[in-house]
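K.L.:
Okay, here's the prediction I keep looking at, along with the sequence it came from:
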Amino acid sequence: DLIVHVRDITHPETVLQKATVLSVLKNLNLPSHLLDSMVEVHNKVDLIERYKPTEENALAISALHGHGLDELKEEIEKKILAATGKKILTININLEGPQLSWLYKEATVQEVEVIPEDGTARVKVIISNSAFGRYKNRFPN
């Protein structure tokens, strides 16, 4: 669903390495949308003072120090959701009904926050548009 190209930005041949990787990927006859949506990651930015990517849409990270990893995670999540046609939703449910069980079967449940005072829960899910449509039809409230 997604290509993430991680480059050692401190390597003296980093530009040539990028060109080589792109050439190999093009020769694999991958779908064009994969190449167009590729995430470009510049790693080891901690070794270059005040590094700023000159390439459009490149993310600067330091895997060693954790710099930029949250942004990378968000970008990967966004692109994967777009590529798969899914979304992240928080749904309020009644725990006495079958909604939670249905969500476990039809979606990816990420979090369940139970509210014991009223027997409900907030459920964070990754769900396709079609599954969410079925959910709304089955549980209109």
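P.N.:
Received it, and whenever you're ready, just let me know what you need.

K.L.:
outside of the least confident helix or strand in the chain by mean pLDDT, which residues touch it?
P.N.:
Taking mean pLDDT, DSSP states H and E as the measure, the chain has helix 32-36 as its least confident helix or strand, at a mean of 90. With contact meaning CB atoms under 8 Å, 6 or more residues apart in numbering, helix 32-36 is reached by Leu2, Ile3, Leu22, Leu25, Lys26, Ala83. C-beta here means a position set from N, CA and C on the backbone, and glycine is covered the same way.

K.L.:
For Glu113, state which of those residues is nearest.
P.N.:
Ala83 (28.1 Å; CB to CB).

K.L.:
dump the residue contacts of the residue lying closest to that closest one once chain neighbours are set aside.
P.N.:
Distance criterion CB to CB, 6 or more residues apart in numbering; nearest residue to Ala83, sequence neighbours excluded, is Asp1 at 4.3 Å. Residues counted as contacts of Asp1 (CB under 8 Å, 6+ apart) are Lys79, Ile80, Ala83, Thr84.

K.L.:
confidence score at the second one?
P.N.:
Read it as Ile80. Here, the pLDDT recorded for Ile80 equals 92.

K.L.:
right, and it touches Ser37 too?
P.N.:
No: counting by CB atoms under 8 Å, Ile80 sits too far from Ser37 to count as a contact (9.8 Å).

K.L.:
So for these two, which residues contact both of them?
P.N.:
Leu2.

K.L.:
okay, now the domains of this structure?
P.N.:
Listed by the TED database, the domain ranges of the chain are 3-82, 85-138.

K.L.:
what sits against the residue nearest the centre of the chain?
P.N.:
Centroid check for the chain by CA atoms, centre = their mean gives Glu77 as the closest residue, at 1.0 Å. Shown in contact with Glu77 (CB under 8 Å, 6+ apart): Ile88.

K.L.:
how about the strand or helix carrying it: buried residues?
P.N.:
Using DSSP states H and E, Glu77 sits within helix 69-84. Using 16 or more other CB atoms under 10 Å as the test for burial, helix 69-84 gives Leu72, Glu75, Ile76, Lys79.
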